[in-house]
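**Q** using only what follows, build the 3D model:
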Amino acid sequence: MSIHTPGTPENVVLAQSVNGRLRAEARIVAARAFLFRCLGAGAFAALLGLGTGAAFYGYATMNQFDSAAEKIASAMQAALSEITLKTKGEVTLTDNTLRLEGGLPRGGAPTPTQAQLGNDAAPASKAPVNTTFTVFKQVPYMDGQIVTGWNFRANEDVPFQQYCYFSRRQNEAKGQVEIKIDLAMDGKVLPQPAKSDVNLEILGRNCVWSEGKKT
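**A** Numbers count the residues shown, from 1 in each chain. As a prediction, this is how the structure comes out:
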C-alpha cells in the first residue's frame, strides 16, 4: 500500500477523474430533470388540447341541435298554418253510442240527435208517442256502483224525473246476476226498509242530482 503525497501526479490524475465523474453525473441528473419537465409540459399541452377540442365539439353539437330544432319547429308551424282540422267525437251512454260532428255541445254534455230520438216513428195504432231519453251518472262504490238517472223529454234541458240506485253483479250457481237497490227519487232518499242491512242514507250521499240537489 502506498500513500501519495499532495501534488503528486497520481493525486492530480485521481482528482481529475473524480471531478469528471461528478460532472458527468450532474449532467445526467440535469438531463433527467429536463426530460421530466418536458414530459410534464407535453402532457399538460395534450390535456389542454383535448379539453379545448371537447369544448369546441360540444359547442358545435349544441348549435347543430338548436338549429335542427328551430328548423323542425318552423316547418311544423308552416304546415299547421295551411291545414284545416276537423274534429269528431264519440260518447257512449249506457248501450247507445252518439256520434257528434264538431265536438260536444253544451259544454261537453252529450245530447241525442234527431235521428236517434226518432220523432217520426209511430206505432201501427197511430197512438200519440212521448219521446224521452235518460242520462246516467255513475259513481263507483265498494264492489258495485251508484247510478243516478236523469230523464229528459225531447228538446228540454231540465230533467222531469231523477232516480238513484245501487247496482252490483255477483256470481250465483245459475250464473251471474245483478243486484239492484233503489236509493232515492228526485233528490230525496227513500224510506229505510225495516229488515234491510243497507243504509240508504249513506249510499244516497253518492247520488248525483241535477241543479245541485242533494239528499
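
**Q** remind me, longest helix of this structure?
**A** helix 9-81 (DSSP state H).

**Q** and that helix, what does it pack onto?
**A** The helices and strands touching helix 9-81, judged by 3 or more Cβ pairs under 8 Å, 6 or more residues apart in numbering; DSSP states H and E, number zero. Every residue, glycine included, has its C-beta placed from N, CA and C.

**Q** avg pLDDT for that helix?
**A** Averaging pLDDT along helix 9-81 yields 76.

**Q** separation between F152 and Q161?
**A** The gap separating F152 from Q161 is 9 Å, by Cβ to Cβ, to the nearest Å.

**Q** looking at these two, which has the bigger crowd around it?
**A** Neighbours of F152 and Q161, each counted by other Cβ atoms under 10 Å, are more numerous for F152; the result is 19 against 13.

**Q** and that one, backbone torsions?
**A** phi -120, psi 150 (degrees, to the nearest 10).

**Q** for it, give the beta-bridge partners.
**A** F152 forms beta bridges with F133, as assigned by DSSP bridges.

**Q** domain ranges for this protein?
**A** Following automatic domain parsing, one finds the domains of the chain at 7-85, 130-212.

**Q** what is the neighbour count of A121?
**A** 8.

**Q** how close does it sit to T113?
**A** In this view, A121 and T113 are 14 Å apart by Cβ to Cβ.

**Q** same check on G42?
**A** As judged by Cβ to Cβ, G42 and T113 stand 84 Å apart.

**Q** then P140?
**A** Distance, P140 to T113, using Cβ to Cβ: 29 Å.

**Q** cool, and R23?
**A** Counting by Cβ to Cβ - R23 and T113 are separated by 112 Å.

**Q** now swap in A54 and tell me
**A** A54 is 66 Å from T113, by Cβ to Cβ.

**Q** now do G187
**A** According to Cβ to Cβ, G187 stands 29 Å off from T113.

**Q** those two: which has the busier surroundings?
**A** Using other Cβ under 10 Å as the criterion, G187 and T113 rank with G187 on top: 17 against 11.

**Q** that one contacts Q162, correct?
**A** Yes. Using Cβ atoms under 8 Å, G187 is in contact with Q162, at 6.7 Å.

**Q** tell me which element E178 falls in.
**A** Using DSSP states H and E, E178 falls within strand 175-185.

**Q** distance between the next helix or strand after that strand and the chain's centre?
**A** Scanning forward in sequence from strand 175-185 by DSSP H and E, the next helix or strand is strand 188-189. Distance, stretch centre to chain centre, for strand 188-189: 41 Å (Cα atoms, centre = their mean, to the nearest Å).

**Q** now do stretch 139-151
**A** The mean C-alpha position of stretch 139-151 is separated from the chain mean by 29 Å, Cα atoms, centre = their mean.

**Q** stretch 146-155 now?
**A** On Cα atoms, centre = their mean, the centre of stretch 146-155 falls 35 Å from the chain's centre.

**Q** try stretch 195-211
**A** Counting by Cα atoms, centre = their mean, stretch 195-211 is centred 36 Å from the centre of its parent chain.
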